[in-house]
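>>> Build me a model from this:
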Amino acid sequence: MGSAWPGPQLCEGRIAWRKPREYVTSYFWATRGRLADVHNVSPMLDLKSARNRVLSNVTALSCESVPVAQALGRVLREPMVTKSASPRFDASAMDGYAVRVADITSGSAFSVVGEARTGQTPGQLSVGSVMRIFTGAALPSGADAVVMQEKVEQEGGFARFLSIPKLGENVRFRGEDLAEGAVALRAGSRLSAGALMLAASLDIVTCVVTRRPRVTILCTGDELRPSGQSGPLGTIPESNSPGIRALAAHSGAEVIAVPLVEDEPRLVRDAVAKSLDASDLLITVGGVSVGEHDYVRSALEEVGVVLDFWKVAIKPGKPLAFGRLGSHAVLALPGNPASALVTFALFGVPLLRAMQSDRRCVPLPTLVASANDLKRHEERLVVSIGNVVERDGQSAFLPHPNQSSGATLALAVSDGVALIEPGDLPCEAGTLVPFLSWAAL
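Model (predicted):
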């Protein structure tokens, strides 16, 4: 390559010429055989760097107004503001007796005058008397505490108090949860079941959310056939799209899976072009490596997609590509099931969240001790599939015995993945490792 060869390059703390064959291959694919400045060739990125590139310059999708009852999982684009205080009035937190604290003395008996029931406007509490009250009922005017019924002796229309209550005891004060005009949920909040309950309690019936991202899943490969259909020896059922579709839908997307595409350059290019037009995010599965029959990358480039990177230092999932064409994003996943689901979880889910202006784009892992020694890779982050189990009364990560990128059983029975940093020595049992559960996606 003459004078264009840059010599040894420091990359992520390592010297790039340690693997010259790999570097030359990356150079060739980056330039597609054309001479160019090798300094423009992207190195193999670590997880954080690659994900930062995926999430940079994301344009939020348009918004729409939807009924609260249909808004589960949607992301707010406008803050949810209270129309009135919550609670709306001073209310009792217990079944008991509404009292004036200044009147109560231990052992004294007071006349019980009336009842304060839920859904009704209570009367005035006269000096020297108490009122029977029920949980959630409005506090009568003049009362400033509620004594729970277990601490009261009642006989013949009189109540005797065994102790002196504190001011405000067992009272839910007006506005103590939210003041009138307060922001209940900020823009960028993903609406949970609890958020829908909050909205209903505030008399909010519609909310402004980001529209659902349109996602197309395009699987390629002569070896694939639709699941459940017969095929010649050597073919396998396509199993990647159901899992990716499920994660994408759970992340708020509308998902389309197009028919399988054979490994033929024109067919792949046409399918890519058509799918891009209809998608905010195109997910391709398979065909992005450097094999003789891997045509996805060239098809993306032919229709004008600008690839940002095509290799990430993770295991499994190294042959991953990301690019854009205008407002359309493309995430090209590897074809093996574990690799495909793992890379979509680590990159596709955060991207879909960012498109919806989710304030928490990247799902947060938790730290869990490893149940036994875990293998590291010298240069790549190991994404280990496994379960959280109990060890000595604490949670611990136990990897599934089969970590093959082509195995699906581990995906089906696992709780999630642990992220094992690169290194020369094993990750010893008891070491805290970041764990990302499938349920957290």
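
>>> where does residue 378 land in three-state SS?
Classification of residue 378 using DSSP: H, G, I helix; E, B strand; the rest coil returns coil.

>>> Could you report the neighbour count for it?
Using other C-beta atoms under 10 Å, the number of residues around residue 378 comes to 8. Any C-beta I mention is one placed from the backbone N, CA and C, and that applies to glycine too.

>>> That one reaches residue 423, doesn't it?
Yes: Residue 378 is within contact range of residue 423, at 7.4 Å (criterion: C-beta atoms under 8 Å).

>>> Geometrically speaking, which residue is the centre of this structure?
Nearest to the mean C-alpha position of the chain, counting by C-alpha atoms, centre = their mean, stands residue 441 at 3.7 Å.

>>> can you pull the contacts of it?
By C-beta atoms under 8 Å, 6 or more residues apart in numbering, the contact set of residue 441 is 247, 250-251, 345, 349, 363.

>>> Can you turn the buried part of those residues into a PyMOL selection?
Only the buried entries of these go into this PyMOL selection, using 16 or more other C-beta atoms under 10 Å:
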select buried, resi 247+251+345+349+363
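
>>> out of the contacts of residue 441, which are inside helices?
When DSSP state H defines the helices, the subset of the contacts of residue 441 inside them is 247, 250, 349.

>>> what does stretch 152-163 contact?
When contacts are defined by C-beta under 8 Å, 6+ apart, stretch 152-163 is touched by residues 96-97, 99, 104-112, 130, 147, 151.

>>> can we see that at 10 Å?
With contact meaning C-beta atoms under 10 Å, 6 or more residues apart in numbering, stretch 152-163 is reached by 96-97, 99, 103-113, 129-132, 147, 149-151.

>>> Would you mark the buried spots in stretch 305-321?
Neighbour counts over stretch 305-321 (16+ other C-beta under 10 Å) mark 305, 307-321 as buried.

>>> From start to finish, how long is stretch 88-107 in a straight line?
Start and end residues of stretch 88-107 are separated by 34 Å (C-alpha to C-alpha, to the nearest Å).

>>> change the start of the numbering to 687 and stick with it
Done: numbering now begins at 687, and the last item shifts to stretch 774-793.

>>> mind listing what's buried in that stretch?
Of the residues in stretch 774-793, those buried under the neighbour-count criterion (16+ other C-beta under 10 Å) are 776-778, 780-786, 790.

>>> about what we covered before: from the ones in helices among the contacts of residue 1127, which single one is nearest residue 770?
The nearest member of the ones in helices among the contacts of residue 1127 to residue 770, counting by C-beta to C-beta, is residue 936 at 33.9 Å.

>>> Find the nearest non-adjacent residue to that closest one, please.
Closest residue to residue 936 apart from its sequence neighbours, by C-beta to C-beta, 6 or more residues apart in numbering: residue 1127 at 6.6 Å.
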